[in-house]
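A.B. asks: Quick one: sequence and predicted model below, then my questions.
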Amino acid sequence: MSRHVRIVPAALLALVLGACGGAVHGTPGGSGLRDPYFPGMGNGGYDVGHYGLTLAYDPADRRLTGTAVVTARATKDLSAFDLDLKGLEVAAVAVDGRAARWSRSGQELTVRPSGGLDRGETFSTTVRYSGTPGTITDPDGSKEGWLRTADGALALGEPTGSMTWFPGDHHPSDKATYDIRITVPQGLEAVSNGELRSRTTKGGRTTYAWHTVQPMASYLAVLAIGRYEITRSTLKNGLPVYVAVDPAEARTSREVLAKLPEIMAWAERVFGPYPFSSVGAVVDRPHDAGYALETQTRPVFPGAPDTEILVHELAHQWYGDSVTPKSWRDMWLNEGFATYAEWLWQEGHGGSTAQQTFDALYRGDYYDDPADDAAIWAFPPARPSGAAQISESPVYERGAMVLHKIRQTVGDDAFYGIVRGWAATHRHGNADTTDFTDYVEKTAPGNDFRALWRDWLYGQGKPERP
């Protein structure tokens, strides 16, 4: 659907443009940021600072209605700009309160503000939309986007699914703060990121207002609607904890979720101060998503997690959520760190040492299936073969092996300084692999990392020496 301007005589057109404050200036922002694996995601010409989402959803008719207010700063003179929005019907678009022309093409919602926008100008785009949100099948075959559940819905966004339920600049390089208000039938919970500011019930419907004050990439936004058992508590350091568990998973989840305070205390000792203002978890039924995801402040689990998976997703709050990759090519900076966090937890809690895990992976007898051991060497962690491979073993296990090689090279004291310093230096920002290697070399002078980067981070196949 699109809006069209009726052709008018030149003289009348000049009067119209004059009334609007002059001719449109600038150039279009452009669609897509040319990400190596998802080139159509994200948009050029602006930087989002805040998303204000007002939503309503009823599982009975599967219909979502929403108003999104996207506040951004123009990074160039703009005659038009794009937002990513897949499916859903757009009813109206306004920029700074004035109706704007718009058009749709695939996932692109192109907005043409009256008079254009100046570089450096902060502007707010309001989009009213509705419809049945869709599900995306990723290149690796997994499902994301708006996932229907037995009693509601689960919205997950890695890598592209967030565009199925709100318009935005859906690339990890553009982080923003969020306010999400969601109204659902009374009796259902609606869980999102950050802190719950209010919960009000009127006329058989309940509205939840969630606030995320620290910057967040859109793929880390979560919305879980359904019947949950809610537990609220506070860690010893005063950090609020909000946990939502599907009643069917409550008994089997109780023991491992009770370890969350212990894991958080350990993680802060290893990784440094926790970067967000709340923490928690969402435990849904196993078939609702089929995978765990590090959604910011409130990771999601498909059924009761084991301790290592809980450690993994909580470690992501530092590595992936606070320090977010500049592009999807840098996924190993998320998954390598979170996988190595599992190794460190095991090492400190009566399990295998990180060295023993590294050695077993290198020998090829870590997994029961030899094919799983061989898969580690399919491609280098910093250069996945394609979009379907960004969540495969080389990114996780071989990525963790890179970190262990750094530890072997510099020693424990320097290594833990690197781990904590990396999280602190890029706190709430974005970074890529070159940023990381430069940081390591600067932080640990006197060490030669060239062979390590060449063979373990970028090299094809299994390095000759462990």
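C.D. replies: Happy to help now that I have it. Residues are numbered from 1 along each chain as shown.
A.B. asks: So residue 381 lies in a helix, does it not?
C.D. replies: No. Going by DSSP: H, G, I helix; E, B strand; the rest coil, the assignment for residue 381 is coil, not a helix.
A.B. asks: what's the pLDDT at it?
C.D. replies: pLDDT, residue 381: 98.
A.B. asks: And it, how close does it get to residue 84?
C.D. replies: 27 Å (C-beta to C-beta, to the nearest Å). Heads up, the C-betas are built off the backbone N, CA and C, glycines and all.
A.B. asks: of those two, who's got more company?
C.D. replies: Using other C-beta atoms under 10 Å as the criterion, residue 381 and residue 84 rank with residue 381 on top: 28 against 25.
A.B. asks: for the more buried one, what are its contacts?
C.D. replies: Residue 381 makes contact with 332, 336, 394, 395, 398, 399, 402, 456, 457, according to C-beta atoms under 8 Å, 6 or more residues apart in numbering.
A.B. asks: With residue 234 instead?
C.D. replies: 240, 241.
A.B. asks: Could you point out which residue ranges in the stretch 251-400 of the chain have low pLDDT?
C.D. replies: For the stretch 251-400 of the chain, no stretch is flagged by pLDDT under 70.
A.B. asks: Helices of that one, start to end?
C.D. replies: 260-271, 286-289, 307-315, 332-348, 354-363, 370-375, 393, 399-410 (DSSP state H, counting those that start in this stretch).
A.B. asks: Would you mind putting those into a markdown table with mean neighbour count and distance to residue 69 alongside?
C.D. replies: Listed next are those as a markdown table, based on neighbours: other C-beta atoms under 10 Å; distance: least, C-beta to C-beta, whole Å:
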| stretch | mean neighbour count | distance to residue 69 |
| --- | --- | --- |
| helix 260-271 | 17 | 33 |
| helix 286-289 | 18 | 28 |
| helix 307-315 | 21 | 30 |
| helix 332-348 | 23 | 29 |
| helix 354-363 | 17 | 46 |
| helix 370-375 | 13 | 45 |
| helix 393 | 22 | 41 |
| helix 399-410 | 22 | 38 |
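A.B. asks: Nearest to residue 188, out of those helices?
C.D. replies: Residue 188 sits nearest to helix 286-289 of all these, at 14.6 Å, using C-beta to C-beta.
A.B. asks: and that closest one, what does it pack onto?
C.D. replies: Judged by 3 or more C-beta pairs under 8 Å, 6 or more residues apart in numbering; DSSP states H and E, helix 286-289 is in contact with strand 143-148, strand 153-156, strand 300-302.
A.B. asks: what's that helix in contact with?
C.D. replies: Contacts with helix 286-289, where a contact means C-beta under 8 Å, 6+ apart, come from 143, 147, 149, 150, 154, 156, 300, 302, 303.
A.B. asks: distance between that helix and the chain's centre?
C.D. replies: Computed by C-alpha atoms, centre = their mean, to the nearest Å, the separation of helix 286-289 from the middle of its chain amounts to 19 Å.
A.B. asks: How about stretch 204-217?
C.D. replies: Put simply, stretch 204-217 sits 16 Å off its chain's centre (C-alpha atoms, centre = their mean).
A.B. asks: and what of stretch 362-381?
C.D. replies: The mean C-alpha position of stretch 362-381 is separated from the chain mean by 28 Å, C-alpha atoms, centre = their mean.
A.B. asks: do the same with stretch 179-191
C.D. replies: With C-alpha atoms, centre = their mean, you get 21 Å for stretch 179-191.
A.B. asks: Likewise for stretch 310-319?
C.D. replies: For stretch 310-319, the distance from its own C-alpha centre to the chain's C-alpha centre is 13 Å (C-alpha atoms, centre = their mean).
A.B. asks: ok, of the contacts of helix 286-289, which come out buried?
C.D. replies: Buried members of those, counted by 16 or more other C-beta atoms under 10 Å: 143, 147, 149, 154, 156, 300, 302, 303.
A.B. asks: picking up where we left off before, tabulate the contacts of residue 381 (TSV), appending distance to residue 239.
C.D. replies: Output for those, formatted as TSV (distance: C-beta to C-beta, whole Å):
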residue	distance to residue 239
332	28
336	26
394	34
395	30
398	33
399	28
402	31
456	36
457	34
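A.B. asks: So which of those is the closest to residue 65?
C.D. replies: Looking across these and measuring by C-beta to C-beta, the closest to residue 65 is residue 395, at 37.6 Å.
A.B. asks: returning to what we had before: now the helices and strands packed on helix 286-289 in JSON lines, with distance to residue 435?
C.D. replies: Formatted as JSON lines, the helices and strands packed on helix 286-289 follow (distance: least, C-beta to C-beta, whole Å):
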{"stretch": "strand 143-148", "distance to residue 435": "27"}
{"stretch": "strand 153-156", "distance to residue 435": "27"}
{"stretch": "strand 300-302", "distance to residue 435": "28"}
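A.B. asks: what's the closest of the ones you listed to residue 239?
C.D. replies: Residue 239 sits nearest to strand 300-302 of all those, at 19.2 Å, using C-beta to C-beta.
A.B. asks: what does the closest one rub up against?
C.D. replies: Against strand 300-302 from outside (C-beta under 8 Å, 6+ apart): 154, 156, 222, 224, 253, 281-293, 309-310, 313.
A.B. asks: Assumed residue 133 was part of a helix.
C.D. replies: No. Going by three-state DSSP, the assignment for residue 133 is coil, not a helix.
A.B. asks: Now do the contacts for the spatially closest residue to it that is not a sequence neighbour.
C.D. replies: Computed as C-beta to C-beta, 6 or more residues apart in numbering, the closest residue to residue 133 that is not its neighbour in sequence is residue 146, at 3.4 Å. Contact partners of residue 146, counting by C-beta under 8 Å, 6+ apart, are 64, 133, 134, 135, 153, 155, 161, 164, 165.
A.B. asks: same deal with residue 309?
C.D. replies: Applying C-beta under 8 Å, 6+ apart to residue 309 gives the contacts 292, 301.
A.B. asks: what do you get for residue 68?
C.D. replies: Shown in contact with residue 68 (C-beta under 8 Å, 6+ apart): 51, 52, 53, 54, 125, 126, 127, 129, 166, 167, 168.
A.B. asks: out of these, which are inside strands?
C.D. replies: 51, 52, 53, 54, 125, 126, 127, 129 (DSSP state E).
A.B. asks: my guess is the third one meets residue 66, correct?
C.D. replies: Okay, so that is residue 53. Yes. The pair formed by residue 53 and residue 66 meets the contact definition of C-beta atoms under 8 Å, at 6.3 Å.
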